[in-house]
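J.: no sequence for this one, just the structure:
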């Protein structure tokens, strides 16, 4: 019974709830007012980019160490062509030792270097050979900053045809080629190349004379005697000169560029084809028995040079340039000239020397002799013709 009443009560309550819902029910609660969005906070001021730091200055490459001169150099030189004390003096002053090797002709010098020989820091070629070597790129350019004594050269020696401005070489000494004779064994000095090239068995010098072992010098003497240009490229003229030389071989004891002056001085020989300074040097050694003449037909004049072969090390090159500068000092240039009896291109050296040297007509030929002197000039590929004919002369019986 009570349960029925409870159910009835629940039903009444449910009906009431539904009725209220149908009438809109309880008033709706207002939605809460929208809260204002918080004011936008100002963006912080952009911080300035840090100032660019300057790139560090590039560090300088470390300086290369200065080149030091080599302790020793080798010079390829003509024999007996330097005062021996000069090497000692140079070593005392610089600590650099100079070793010498010798050649007998320009052709020997050129052939050796063309053949690949190395080790020489200095060489002493004559003018026409220097020209060939410059033309073939065989020489180093000189650094004139290392050779301030170039100012001592006579101006004419700065304008040589083979090396104007001394770009590659410095004149060493100059001289002439003529005939030396023993004045104790010959009453009258020789006057002509004929006395060599046309010697007769009755002549006292027949079989007692020498010709230089030098292709261009011997051909020059023969060509000048025949009245031809000593630099001719006419093969008929060369053939005539070749036959003249071959004919002279019967009266010649040999071809010699190294000892000919001593053979004359000792009396073993009476005449010799050779260089003026060599005869003058030997004359001192043999108590004045050697004379020297330029034949009436004329002879050759030449300038020897000191140069640096291509390919030397920087150390060798610097030492070589120091030696060249040493040679160009007035005192050293005078020492060289006084010993060799050749003419110096160093005007500062000549100014210090006495008249026995400066007034010697064999060393400094007078104008009338100079007018008959001829340079040996480079002939390019035609040099091979001279060499071929020289070989034929040497092999002829």
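T.: The structure has been received and is ready for your questions. Since the structure is predicted, the reported quantities are computational estimates derived from the model, not experimental observations.
J.: doesn't residue 70 make contact with residue 322?
T.: No: Residue 322 is beyond contact range of residue 70, at 9.8 Å (criterion: C-beta atoms under 8 Å). C-beta: built from backbone N, CA, C; applies to glycine.
J.: which residues do these two both contact?
T.: residue 96 (C-beta atoms under 8 Å, 6 or more residues apart in numbering).
J.: Secondary structure of residue 361: a strand, I assume?
T.: No: counting by DSSP: H, G, I helix; E, B strand; the rest coil, residue 361 is not part of a strand but coil.
J.: residues in contact with it?
T.: Taking C-beta under 8 Å, 6+ apart, one finds residue 369 in contact with residue 361.
J.: And the pLDDT at it?
T.: For residue 361, the pLDDT comes out at 98.
J.: How about the lengthiest strand in the chain, which residues are buried there?
T.: Longest strand of the chain, by residue count under DSSP state E: strand 169-182. For strand 169-182, a neighbour-count test (16 or more other C-beta atoms under 10 Å) marks 169-182 as buried.
J.: which strands and helices sit next to it?
T.: Applying 3 or more C-beta pairs under 8 Å, 6 or more residues apart in numbering; DSSP states H and E, we find strand 169-182 packed against helix 215-226, helix 260-266, strand 271-275, helix 276-285, strand 290-293, strand 299-307, helix 314-327, helix 330-340.
J.: now, of these, which is deepest in the fold?
T.: strand 271-275 (a mean of 28; mean count of other C-beta atoms under 10 Å).
J.: follow-up on the earlier one: relative orientation of the longest strand of the chain and helix 314-327 in degrees?
T.: Using axes from the mean of the first three to the mean of the last three C-alpha atoms, to 10 degrees, the direction of strand 169-182 lies 60 degrees away from that of helix 314-327.
J.: Straight-line length of stretch 275-292, end to end?
T.: Across stretch 275-292, the terminal residues are separated by 9 Å (C-alpha to C-alpha, to the nearest Å).
J.: Check stretch 189-206 too.
T.: 15 Å.
J.: Give me the average confidence score over it.
T.: Rounded mean pLDDT across stretch 189-206 is 98.
J.: Quick check: buried residues in it?
T.: For stretch 189-206, by 16+ other C-beta under 10 Å, it's 190, 193, 195-197, 199, 203, 205-206.
J.: Pull the number of nearby residues for residue 87.
T.: 17 (other C-beta atoms under 10 Å).
J.: Tell me the secondary structure at it.
T.: helix.
J.: Check what pLDDT the residue nearest to it when sequence neighbours are not counted gets.
T.: Leaving out its chain neighbours, the residue that sits closest to residue 87 by C-beta to C-beta, 6 or more residues apart in numbering is residue 98, at 4.5 Å. We have a pLDDT of 98 for residue 98.
J.: same deal with residue 267?
T.: Reported pLDDT for residue 267: 98.
J.: Please report the distance of it from residue 181.
T.: 11 Å (C-beta to C-beta, to the nearest Å).
J.: go on, residue 379?
T.: Taking C-beta to C-beta, one finds residue 379 at 31 Å from residue 181.
J.: Would you confirm that residue 147 contacts residue 326?
T.: No: using C-beta under 8 Å, residue 147 is not in contact with residue 326, being 9.7 Å away.
J.: tilt between the longest strand of the chain and strand 271-275?
T.: 170 degrees.
J.: next SSE after strand 169-182?
T.: Going down the chain from strand 169-182, the next helix or strand is helix 194-197, by DSSP states H and E.
J.: What pairs with the following helix or strand past that following helix, parallel or antiparallel?
T.: Per DSSP H and E, the first helix or strand lying C-terminal to helix 194-197 is strand 209-211. Here strand 209-211 has these sheet partners by DSSP bridges: strand 254-255 (parallel), strand 271-275 (parallel).
J.: what number of residues lie near residue 243?
T.: So residue 243, with other C-beta under 10 Å, has 15 neighbours.
J.: how close does residue 365 get to residue 254?
T.: 28 Å.
J.: ok, now residue 330?
T.: 40 Å.
J.: Same check on residue 209?
T.: Counting by C-beta to C-beta - residue 209 and residue 254 are separated by 9 Å.
J.: what angle do the longest strand of the chain and helix 330-340 make?
T.: 30 degrees.
J.: that older thread, quick one: which of residue 209 and residue 254 has more around it?
T.: Each of residue 209 and residue 254 has its neighbours counted (other C-beta under 10 Å); residue 209 has more, 27 against 13.
J.: Quickly list what the closest residue in space to the more buried one that isn't next to it in sequence is bridged to.
T.: Once flanking residues are discounted, residue 209 sits nearest to residue 271: 3.8 Å by C-beta to C-beta, 6+ apart. Listed by DSSP bridges, the beta-bridge partners for residue 271 are residue 181, residue 209.
J.: Local confidence estimate at residue 271?
T.: pLDDT, read off for residue 271, is 98.
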